[in-house]
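[1] Sequence and predicted structure below; questions after.
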Amino acid sequence: MTRTRRISVAIFVAWCFAMLAAVPASATPIVLTVGGGPEPSYNQLSLEKNVFYLRQVLEDLGAGGWPQDTFFADGGAGEHTVQYGINEDDDLQFLGVLEALANSGGYNGTVTEQYRKTELTGLKGPATAAALTQWFNTTGAAIPAHGELLFYYTGHGGGDNGRANPPRNTTLSLWDKPSMTMRQFASLLDKTDPSVAVMLVMVQCHSGGFANVIYKDGEPRNGLSKQLRFGFFATSASRIAAGCTPDIRGEDYREFSTAFFAALSGRTRTGKAVEKPDYAHAGKTTYMDAFTYVLLTSDTVDLPMTTSDQLLRDFSRYDSSASRNRSRYTTAPTTAAASQPVTMSPRLLPANARYSEIEPLATPAERAAITGLAKILELDKTDPLAGARALLDRVDRQRRSWSAQNQSVDRQYETAREKLRHAVYMKWPELADAWLPANASLRDKANLPALKSQIRAMPEYKAFTDAAQASQAQQVKLELLERKWIKAQRLIDRAETVILRANLSRVASPEVQKRFQELTEHENGTITAEHF
């Protein structure tokens with residue numbers, strides 16, 4: 001009896017070890033950071049600082065021990081790679097005027113911008129297509145099954161050269177060219193094990209195009225990728241993004257990842273404490289909490305989006321029979337996965353449903369985004385969606401009106417510039433040629449005071465500076481108008497996400513619904529020491 005019990009225990013212990021061996025071992029997530037621009041003039045200091053900030057955020061969240069591979073600009077090879085600004089004194093401001101006379105596009109900033117070697121350490125190499133391809137062929141391919149990859153891109157991006165509507169195949173601007181398209185990047189992700197979860201944080205212009213890596217070859221018509229890929233993008237595929245500046249003051253950096261990472265870590269890149277958002281009162285800050293924080297606090301031209309936003313706009317749809325206005329999006333389930341037989345409900349929400357209809361369907365973060373943006377925009381609390389739509393219409397009308405004004409102001413500036421240019425070059429023709437020794441002599445510090453005094457005494461100089469100030473004031477008005485439009489559009493986008501999610505189960509296949517659930521679950525995750 002005793003011997004039988006011992007044999008049973010031995011068998012049980014062996015079975016336990018066998019079961020443990022069958023469970024995939026959790027691997028520490030790998031961080032792959034790519035940053036910089038195609039040439040030094042696009043390697044703004046803010047991009048370098050973004051890399052430093054991510055490293056600090058991971059440290060703050062207990063994930064500083066994660067393996068981190070960084071490819072930045074030229075990989076540290078050059079001495080004049082990172083662009084930074086220096087403070088303008090009166091001499092530099094005056095030289096800026098001379099630059100404006102020589103360049104029809106206006107002062108291009110070359111006087112106050114300098115270059116230095118990157119201060120990033122531990123770089124794996126340059127941010128080139130070849131280096132990234134090699135990384136995915138080796139390190140990426142070696143990530144163990146059920147591992148995790150966090151990919152952060154802080155650089156520049158281009159639009160969809162194929163001019164697809166909607167745009168999808170946008171690009172990463174890599175060092176010394178060529179650029180890498182979204183589809184090419186998706187093929188690199190394919191080199192990793194299909195069970196590896198990939199999280200993307202991308203802040204470049206047109207970054208939303210890379211949300212399409214959730215599909216095979218980046219194409220919805222090819223169906224969903226075998227691999228789970230989720231992420232957060234500074235703006236949509238059709239728009240530029242904020243954030244590239246040579247400014248040396250960290251507090252002046254206003255771009256997507258600055259606010260996103262601050263919300264996750266609880267402090268800004270300058271060390272200032274931030275109250276970590278927790279809109280669901282769950283005792284933690286999720287990625288969606290951080291994303292919502294960006295929507296509410298970012299005063300930029302960014303129109304952030306997520307991977308689940310992309311899926312909804314490709315596979316869900318609105319009630320097309322409603323008499324109310326349609327959304328700016330055109331979404332119809334036309335891919336193979338979406339065309340599978342599904343149970344259709346007679347009740348789909350329209351694109352411009354009232355807030356009272358969708359409020360019960362919204363997540364806490366979505367409600368916080370909608371009501372918070374409505375408060376910022378001073379919209380009617382009873383139906384902020386209607387108010388936001390009306391605001392968008394008003395801003396569009398103002399844009400058209402102000403566009404004509406802007407053209408008039410620009411013409412006046414250009415006329416004043418040409419008159420001053422003619423007056424200056426008639427007296428100092430050598431200033432028109434940057435390579436003449438006499439030009440350098442006139443600009444020399446010893447001769448500059450006299451040159452400044454004489455040019456500033458010209459009547460054409462005052463007319464030029466007045467026109468320049470008027471042009472700058474007009475630009476400020478247009479930027480404020482654009483930011484108001486952006487906030488209203490962010491509100492509408494969150495409302496449309498709620499509507500499309502509610503409609504998804506009525507129009508999409510089980511496969512698409514399952515992937516959407518997986519995406520949202522991961523988008524509501526958070527960074528710990530072991531996982532993201």
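    It's in. Numbers count the residues shown, from 1 in each chain.

[2] For the stretch 151-300 of the chain, which segments count as helices?
    For the stretch 151-300 of the chain, the helices identified by DSSP state H, counting those that start in this stretch occupy 182-189, 256-265, 287-297, in order along the chain.

[3] Is it possible to get JSON lines of these that adds mean pLDDT?
    Below are the helices of the stretch 151-300 of the chain laid out as JSON lines (pLDDT from 0 to 100):
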{"stretch": "helix 182-189", "mean pLDDT": "98"}
{"stretch": "helix 256-265", "mean pLDDT": "97"}
{"stretch": "helix 287-297", "mean pLDDT": "98"}
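
[4] and R239, which of those is closest to it?
    Checking these against R239 by CB to CB gives helix 256-265 as the closest, at 12.0 Å. Any C-beta I mention is one placed from the backbone N, CA and C, and that applies to glycine too.

[5] which residues are contacting the closest one?
    Contacts made with helix 256-265 from outside it, assessed by CB atoms under 8 Å, 6 or more residues apart in numbering, are listed as 50, 53-54, 56-57, 60-61, 152, 154, 201, 203, 232-235, 241-243, 268-269, 274, 276-277, 285, 287, 289-291, 293-294, 297-298, 300, 302, 304, 526-527.

[6] How far away from the center of its chain is that helix?
    Remark: helix 256-265 is offset 12 Å from the chain centroid, using CA atoms, centre = their mean, to the nearest Å.

[7] Report the angle between that helix and helix 287-297.
    120 degrees (axes from the mean of the first three to the mean of the last three CA atoms, to 10 degrees).

[8] give me every residue that touches D91.
    Applying CB under 8 Å, 6+ apart, one finds that D91 lies in contact with 445, 448, 452.

[9] my guess is it is in a helix, correct?
    Yes - the assignment for D91, made by DSSP: H, G, I helix; E, B strand; the rest coil, places it in a helix.

[10] Please report how far it lies from L98.
    The gap separating D91 from L98 is 11 Å, by CB to CB, to the nearest Å.

[11] cool, T300 as well?
    To L98, T300 is 32 Å away according to CB to CB.

[12] cool, E119 as well?
    Taking CB to CB as the measure, E119 falls 32 Å from L98.

[13] Repeat that for G85.
    19 Å.

[14] These two: which is more packed in?
    Under the neighbour definition other CB atoms under 10 Å, G85 and L98 were set side by side, and L98 has more, 22 against 17.

[15] Show me which positions of the helix or strand hosting S356 end up buried.
    If you go by DSSP states H and E, S356 is part of helix 355-358. Judged by neighbour count using 16 or more other CB atoms under 10 Å, the buried positions of helix 355-358 are 355, 357-358.

[16] where are the low-confidence patches of this protein?
    Across the chain, residues meeting the criterion (pLDDT under 70) sit at 1-26, 104-111, 247-251, 322-346.

[17] elements contacting the lengthiest helix in it?
    In the chain, with assignment by DSSP state H, the single longest helix is helix 459-507. With contacts defined as 3 or more CB pairs under 8 Å, 6 or more residues apart in numbering; DSSP states H and E, the secondary structure elements packing on helix 459-507 are helix 90-102, helix 307-315, helix 355-358, helix 364-376, helix 384-427, helix 510-523.

[18] quick revisit: drop the exposed ones from the contacts of D91 and show what's left.
    When neighbours are counted using 16+ other CB under 10 Å, the contacts of D91 contain these buried positions: K452.

[19] what packs against the helix holding S356?
    Helices and strands touching helix 355-358, as assessed by 3+ CB pairs under 8 Å, 6+ apart, comprise helix 384-427, helix 459-507.

[20] Would you mind listing the buried residues in the helix or strand that the first one is followed by?
    Following helix 384-427 in sequence order, the next helix or strand is helix 437-443 (DSSP H and E). Going by neighbour count (16+ other CB under 10 Å), the buried part of helix 437-443 is 439, 442-443.

[21] Check stretch 417-428 too.
    417, 419-421, 423-424, 428.

[22] Stretch 57-77 now?
    Under the neighbour-count criterion of 16+ other CB under 10 Å, stretch 57-77 has 57-58, 61, 63, 66, 68-76 buried.

[23] Show me these that map onto helices.
    When those are checked against helices (DSSP H), the matches are 57-58.

[24] And the furthest pair within the buried residues of stretch 57-77?
    Between all members of the buried residues of stretch 57-77, the longest pairwise span (CB to CB) is found for L61 and D74 and amounts to 29.9 Å.

[25] hang on, the earlier thing: out of the buried residues of stretch 417-428, which is nearest to A488?
    Taking CB to CB as the measure, A488 sits nearest to R417 out of these, at 35.6 Å.

[26] For the closest residue to that closest one other than its chain neighbours, grab the count of nearby residues.
    Distances taken as CB to CB, 6 or more residues apart in numbering place F464 nearest to R417, at 5.9 Å, with adjacent residues excluded. The tally of other residues near F464 (other CB under 10 Å) stands at 25.

[27] Check the gap between K487 and S298 for me.
    With the distance defined as CB to CB, K487 ends up 9 Å from S298.

[28] next one: N169
    Distance from N169 to S298, by CB to CB: 26 Å.

[29] N212 too?
    Counting by CB to CB, the gap from N212 to S298 is 23 Å.

[30] the more surrounded of those two?
    Neighbour count, other CB under 10 Å: between N212 and S298, N212 has more, with 27 against 22.

[31] residues touching L504, list them.
    Neighbour list for L504: 312, 315-316, 512-513, 516 [criterion: CB under 8 Å, 6+ apart].

[32] what two of those are the furthest from one another?
    In the contacts of L504, two members sit farther apart than any others by CB to CB. They are L312 and Q513, at 10.9 Å.

[33] Between those two, which is the more surrounded one?
    Neighbour totals were compared for L312 and Q513, and L312 leads with 26 against 17 (other CB under 10 Å).

[34] What is the neighbour count of the nearest residue to that one once chain neighbours are set aside?
    Take L312 and drop its neighbours on the chain: the residue closest to it by CB to CB, 6+ apart is L500, 4.0 Å away. Counted with other CB under 10 Å, the burial measure for L500 works out to 28 neighbours.

[35] ok, now V512?
    Neighbour count of V512, defined by other CB under 10 Å: 26.

[36] repeat for R506
    R506 sits with 16 neighbouring residues when counted by other CB under 10 Å.

[37] measure it to G35 for me?
    Distance check for R506 against G35: by CB to CB, it reads 42 Å.
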